[in-house]
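Participant: Sequence and computational prediction follow.
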Amino acid sequence: MTQIAFPKLLSSQIAFDIARTIRDGFDKHYRLFRRTSRHAKQHFEHGAWAAAQQAARERIGFYDQRVQECVQMLEDEYDEAELTDEVWRELKLHYIGMLSDHKQPELAETFFNSVCCNILHRTYFHNDFIFVRPVVSTEYIETEELNPTYRVYYPGKDGLRFTLKRIITNFQLNCVFADLDRDVGLVEARLKQIFGADRLEPNHQIQVLSSLFYRNKGAYIVGKGINGNREYPFIVPILHDRRGQLFLDTVLFDQEQITILFSFTRAYFLVDMEVPSAYVQFLRSLLPRKPRSEIYTILGLQKQGKTLFYRDYLQHLKHSSDRFESAPGIRGLVMLVFALPSFPYVFKVIKDFFPAPKETTRAQIKEKYLLVKHHDRVGRMADTLEYSNVAFPRARFAEELLAELEHFAPSLVEYEDDKIIIKHLYIERRMMPLNIWLSNAEKEADEAKVEHGLLEYGNAIKELVAANIFPGDMLYKNFGVTRHQRVVFYDYDEIEYITDCNFRLIPPARNEEEEMSAEPWYAIGKHDVFPEQFGRFLLGNPRIRKYFMKHHADLLTPAFWQARKQRIQDGIIEDVFPYPQHIRFCNQTTHTIPAVSQPLFSENHHHE
């Protein structure tokens, strides 16, 4: 007869109390997270754009604040001698029991890991003590009856136009639409093209997530049409016109356009979600190629995104055999960058020392990366994942890479058995450096590709300027090209706020001696910038100069930068669009929708 081994009864009161403290700490965090997300609706209704941006920035820090609160509470309450291995094991089992009916169990598990990893040594980072793998299922979690994850509509019953109007009014926005009937008609016409209205099944339905997605100056309806066995994702942006009234701007249905809307280069959405895993599951049906880690991150749950990313990375490592090596491209003065060829990300380590002309510190560089994390990235700055004490298999490192790490960042490298431990690094989506991309285009004699690269490069800079960001080092090697052929900035050690910079015209030389001097004949302040000098570093190649001057000659004039700086100082928050201008309804000749503003840039590229 088979003997069944039952675990002994959980008996440690300390373990139970600690588990409850951590669970309560997480619940407080998510309560505050949801409150900020709900307030986004009010900010949108009142057009309080500065308040909305401030709330989005502050929300990013909520998680670490609650973790540190919880760690401090436990360290004050318990002596280290009380926290035996048996207590830690039992603590995890108590915690699992507390999550049986929880609405956010996967997030609560990650919070548990964060608290415990702040107290435990890394030798304890295994499945006995923390959640190396998820334990509590997120399948079929029930939501409150009055707050479902998504609502289902059947346009076959009342007609598509009536259904669309009902969808929009169900969000109960406390703001007047300029002409809702007109807008609904435009959306209806666009959706009929997508769905193929002549071939609708009797049970054709539309599913729409119950919460709007708020970011910058827009609110987004996220849904999909289901017709038989076919699904048709769509997004409808809602904007304010100059009078403060609402209008529907377009319908996004192209897979690339939807992917770019949810890009890793953009600020996080504010969405009120009772069951975030259900939102992620719905969004994955719209974005089947996007990993769950990126979806959690774009929803503002970046710590969960980091957790899932790391699990995916470990799985990839387990099922691959290639070696880590230095990333292709020009070596940076500040960062040592390496990659695993089979993995679409790069690993960035801050060097211990920086040659001239760099004048910075590790602490200052970390501050710049934190600035980018909290800032609106307008689709032009890559998000980064920051990790501490990451263990890599030493055997998978090329000897040249190990030598580089030991030479340039010895303070961040440790060896432990068969592993190399890197104490601090950033992980970022891999892109082709723009200088390599342009060089390849020239070798292929592809004029259109060269022009596109320069057009995108200038547009990236201008959109960063609109978000109050000066890149600092504008060399092409500091920009990358995504798989959607968008140019993105990824080198942050010299970025500054536009409002902190002083854009100047080079004063004329007073005599021939000054003009021929190798040194500047004029005083230069710490934050002085001379746009006329950009061409010396960027436009040595005649072909590149041709297309740069065609599209972005204004970047070489102080007047451009001074005007943009003045707009920011005047409190103007620019309208930025994460989709092309040409698909907006305001560009249709038969209808006139009051636009939010004139486009800042040309219409042949994606806006944020």
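Facilitator: The structure has been received and is ready for your questions. The model shown is predicted, which means the values in this text are computed figures rather than measured ones. Numbers count the residues shown, from 1 in each chain.

Participant: Could you use CA atoms for every contact and neighbour count after this?
Facilitator: Will do.

Participant: Please, where are all the helices along the stretch 201-350 of the chain?
Facilitator: For the stretch 201-350 of the chain, the helices defined by DSSP state H, counting those that start in this stretch cover 255-261, 276-286, 292-298, 302-318.

Participant: Only the buried residues of the last one, if you could.
Facilitator: By neighbour count, with 16 or more other C-alpha atoms under 10 Å as the criterion, the buried positions of helix 302-318 are 302-310, 317.

Participant: Please apply the same query to stretch 256-265.
Facilitator: In stretch 256-265, counting by 16+ other C-alpha under 10 Å, buried: 257-265.

Participant: Please apply the same query to stretch 15-28.
Facilitator: By 16+ other C-alpha under 10 Å, the buried positions in stretch 15-28 come out as 15-16, 18-23, 25-27.

Participant: Same list (those residues) but as a markdown table, adding secondary structure, distance to residue 217 and pLDDT.
Facilitator: A markdown table is the format used below for those (DSSP: H, G, I helix; E, B strand; the rest coil; distance: C-alpha to C-alpha, whole Å; pLDDT from 0 to 100):
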| residue | secondary structure | distance to residue 217 | pLDDT |
| --- | --- | --- | --- |
| 15 | helix | 46 | 92 |
| 16 | helix | 45 | 94 |
| 18 | helix | 42 | 94 |
| 19 | helix | 41 | 95 |
| 20 | helix | 39 | 96 |
| 21 | helix | 38 | 96 |
| 22 | helix | 36 | 97 |
| 23 | helix | 35 | 97 |
| 25 | helix | 32 | 97 |
| 26 | helix | 30 | 98 |
| 27 | helix | 29 | 98 |
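
Participant: which residues make contact with the host helix or strand of residue 543 from outside it?
Facilitator: Element membership of residue 543 [criterion: DSSP states H and E] is helix 542-552. Residues outside helix 542-552 that contact it (C-alpha atoms under 8 Å, 6 or more residues apart in numbering): 450-451, 454-455, 458, 538-539.

Participant: Return the subset of these lying in helices.
Facilitator: 450-451, 454-455, 458, 538 (DSSP state H).

Participant: between the helices of the stretch 201-350 of the chain, which one is nearest to residue 153?
Facilitator: Among the helices of the stretch 201-350 of the chain, helix 276-286 comes nearest to residue 153, with 15.8 Å by C-alpha to C-alpha.

Participant: Please list the outside residues in contact with that closest one.
Facilitator: Here helix 276-286 makes contact (C-alpha under 8 Å, 6+ apart) with 104, 138, 141, 149, 209, 224, 233, 273, 290-292, 295-296.

Participant: again, only this time at 7 Å
Facilitator: 104, 138, 149, 233, 292, 295-296 (C-alpha atoms under 7 Å, 6 or more residues apart in numbering).

Participant: Pull the most distant pair out of those residues.
Facilitator: 104 and 233, at 25.5 Å, using C-alpha to C-alpha across these.

Participant: still on that earlier bit, make TSV from the buried residues of stretch 256-265 and add pLDDT and distance to residue 329 to it.
Facilitator: What follows is the buried residues of stretch 256-265, written out as TSV (pLDDT from 0 to 100; distance: C-alpha to C-alpha, whole Å):
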residue	pLDDT	distance to residue 329
257	94	29
258	95	30
259	94	27
260	93	25
261	95	28
262	95	28
263	93	24
264	90	22
265	92	21
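
Participant: can these go into CSV with extra columns for distance to residue 580?
Facilitator: As requested, the buried residues of stretch 256-265 are exported to CSV (distance: C-alpha to C-alpha, whole Å):
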residue, distance to residue 580
257, 8
258, 11
259, 13
260, 11
261, 11
262, 15
263, 15
264, 18
265, 16
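
Participant: right, and out of those residues, which lies closest to residue 386?
Facilitator: Using C-alpha to C-alpha, residue 264 comes nearest to residue 386 of those, at 14.3 Å.
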